[in-house]
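Engineer: Build me a model:
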Amino acid sequence: MKCDSWATLLLTVLIWYAKFCGHDCVDILEEAKKGVFPNEKNFKCYVSCLLDMMQATKRGKISYEKSLKQIDTLLPDDFKPDFRNGLEACKDVAQGVKDHCESAYVLLNCFYQNNPKFIFP
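Structural biologist: As a prediction, this is how the structure comes out:
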């Protein structure tokens, strides 16, 4: 997928999320960049949607091979080792979590803790 397509998808999801979080949206997303993730259903489902669109997950379940391919295709070389290590550390962390939004939230927290170059969109 081309960068402009990713930007369009991301913008669409951000607009969708803004409808749910209202005036606090900018603050919530700014805090998320610092690793402060709200324990709220709407945010968790937003994360699930992002991860699904990035093909990192499918309904909350990690797509390991697709994620590796995305890392190799989309990221600069200096980011790849940390993202691969984070993926490896987190690949099984959400097993057994039935709710896809909750699973995405668990994965997000794990990725943040295990990847020093973590970036929240």
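
Engineer: Show me what the helix or strand hosting Ala89 is packed against.
Structural biologist: According to DSSP states H and E, Ala89 maps onto helix 80-90. Secondary-structure packing of helix 80-90 (3 or more Cβ pairs under 8 Å, 6 or more residues apart in numbering; DSSP states H and E): helix 64-74, helix 100-114. C-beta coordinates here come from the backbone N, C-alpha and C atoms, glycine included.

Engineer: Of all the residues in the last one, which ones are buried?
Structural biologist: Taking 16 or more other Cβ atoms under 10 Å as the neighbour-count basis, helix 100-114 is seen to contain the buried residues 100-112, 114.

Engineer: cool, stretch 86-101 as well?
Structural biologist: Quick answer for stretch 86-101 (16+ other Cβ under 10 Å): Gly86, Leu87, Cys90, Val93, Ala94, Val97, Asp99, His100, Cys101.

Engineer: and those residues as CSV, adding distance to Ile62 and pLDDT?
Structural biologist: What follows is the buried residues of stretch 86-101, written out as CSV (distance: Cβ to Cβ, whole Å; pLDDT from 0 to 100):
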residue, distance to Ile62, pLDDT
Gly86, 11, 95
Leu87, 8, 94
Cys90, 7, 95
Val93, 8, 96
Ala94, 7, 94
Val97, 11, 95
Asp99, 15, 95
His100, 11, 92
Cys101, 15, 93
